[in-house]
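# Just a sequence and a predicted model for now, questions to come.
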Amino acid sequence: AQKVTQAQTEISVVEKEDVTLDCVYETRDTTYYLFWYKQPPSGELVFLIRRNSFDEQNEISGRYSWNFQKSTSSFNFTITASQVVDSAVYFCALSETTDSWGKLQFGAGTQVVVTP
Amino acid sequence: GAGVSQSPRYKVAKRGQDVALRCDPISGHVSLFWYQQALGQGPEFLTYFQNEAQLDKSGLPSDRFFAERPEGSVSTLKIQRTQQEDSAVYLCASSLAYEQYFGPGTRLTVT
């Protein structure tokens, strides 16, 4: 069963618009980690953020912000004032501590297309 | 370089051929993971090493897939008798703690 769901397959925006990517996860663990990765057209996955299950504080890093809500099992990602360089596929991933060794379980990804 | 490197970047194999994919992790990273990414999908876990020990190979799709990391550094993923369904990007990641850092991947095409 898919443990990480990214319902949006593709989002297209015009530069400077904000875009929010949804991520819903499923786990029975009380301790777990959530991640976001960016995969630009070059193909290399770039780490963006890690959040543990005990830290529900929202986080902002430049134009990026993350909203973690355990009550709804969601870890959403917002890009503010999008730029063409933000065009990429974004993956949400879950690492469960009862699972082995920190392996990542990825969602299917959301393609973000930012046009000038 | 400081990042994870993989070679070759592209590999075309005829069905039935054996292939070997190499991963050079970030120096000092104890953990090494292999993932398979089919077109339009998220990466799927294949196997995990802690130093030279292969602690989890539950994601390997068949016994044609074999991975090793004999000296706890470089790792090789070998696929025997390749099939068309093996066509995918194979990603390697290394880790010291929780964050995994990925290489550029090897795109395997089986014709």
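Right, received. Where do you want to start? Numbering: from 1, shown residues only, chains lettered A, B, ... in the order given.
# Helix, strand or coil: sort out the closest residue to chain A within chain B for me.
Closest contact between chain B and chain A, by Cβ to the nearest Cβ, is at B:Gly42 (3.2 Å). (Glycine included, C-beta is placed from N, CA and C.) At B:Gly42 the chain is in coil, as set by DSSP: H, G, I helix; E, B strand; the rest coil.
# Any idea how many residues pack against it?
Around B:Gly42 there are 23 other residues, counting by other Cβ atoms under 10 Å in any protein chain shown.
# Skipping adjacent residues, who's closest to A:Ser87 in space?
Excluding its sequence neighbours, the residue lying closest to A:Ser87 (Cβ to Cβ, 6 or more residues apart in numbering or on different chains) is A:Val114, at 4.9 Å.
# With adjacent residues omitted, what lies nearest to the residue in chain A that chain B sits nearest to?
Here chain A gets closest to chain B at one residue, A:Phe106, 3.2 Å apart by Cβ to the nearest Cβ. Distance criterion Cβ to Cβ, 6+ apart; nearest residue to A:Phe106, sequence neighbours excluded, is B:Gly42 at 3.2 Å.
# mind listing what the most centrally placed residue in chain B touches?
What sits nearest the mean C-alpha location of chain B, by Cα atoms, centre = their mean, is B:Trp34, with 3.9 Å. Residues in contact with B:Trp34 (Cβ atoms under 8 Å, 6 or more residues apart in numbering or on different chains) are B:23, B:45-48, B:67, B:75, B:77, B:90-93.
# Out of the residues you listed, list just those in strands.
In strands, defined here by DSSP state E, the members of these are B:23, B:45-48, B:67, B:75, B:77, B:90-93.
# Parallel or antiparallel, list what pairs with the helix or strand harbouring the residue nearest to A:Ser87.
Under the criterion of DSSP states H and E, A:Val114 resides in strand A:110-115. Sheet pairing for strand A:110-115, assigned by DSSP bridges, gives strand A:10-14 (parallel), strand A:88-96 (antiparallel).
# Work out the gap between it and the centre of the chain.
14 Å (Cα atoms, centre = their mean, to the nearest Å).
# Doesn't B:Glu85 lie inside a helix?
Yes. Inclusion of B:Glu85 in a helix is indicated when three-state DSSP is applied.
# Read off the pLDDT value for it.
You'll see B:Glu85 listed with a pLDDT of 96.
# A:Thr115 against A:Glu17, yeah?
No. If you go by Cβ atoms under 8 Å, A:Thr115 and A:Glu17 don't touch, sitting 9.8 Å apart.
# Let me see the ranges of the strands in chain A.
Under DSSP E, chain A gives strands at A:4-5, A:10-14, A:19-21, A:24-25, A:32-39, A:46-52, A:59-61, A:64-69, A:74-79, A:88-96, A:105-106, A:110-115.
# no, scratch that, I was asking about chain B
According to DSSP E, the strands that chain B contains are B:5-7, B:10-13, B:19-24, B:31-37, B:44-50, B:53-56, B:65-68, B:75-79, B:88-95, B:100-102, B:106-110.
# Neighbouring strands - and their directions - for the fourth one?
By that I understand strand B:31-37. strand B:44-50 (antiparallel), strand B:88-95 (antiparallel).
# what do you get for the first one?
Looking at strand B:5-7 with DSSP bridges, its partner strands are strand B:19-24 (antiparallel).
# Next: the last one.
Paired with strand B:106-110 in the same sheet, following DSSP bridges, are strand B:10-13 (parallel), strand B:88-95 (antiparallel).
# among these, which is nearest A:Ser82?
A:Ser82 lies closest, by Cβ to Cβ, to one member of the strands paired with strand B:106-110: strand B:88-95, at 25.9 Å.
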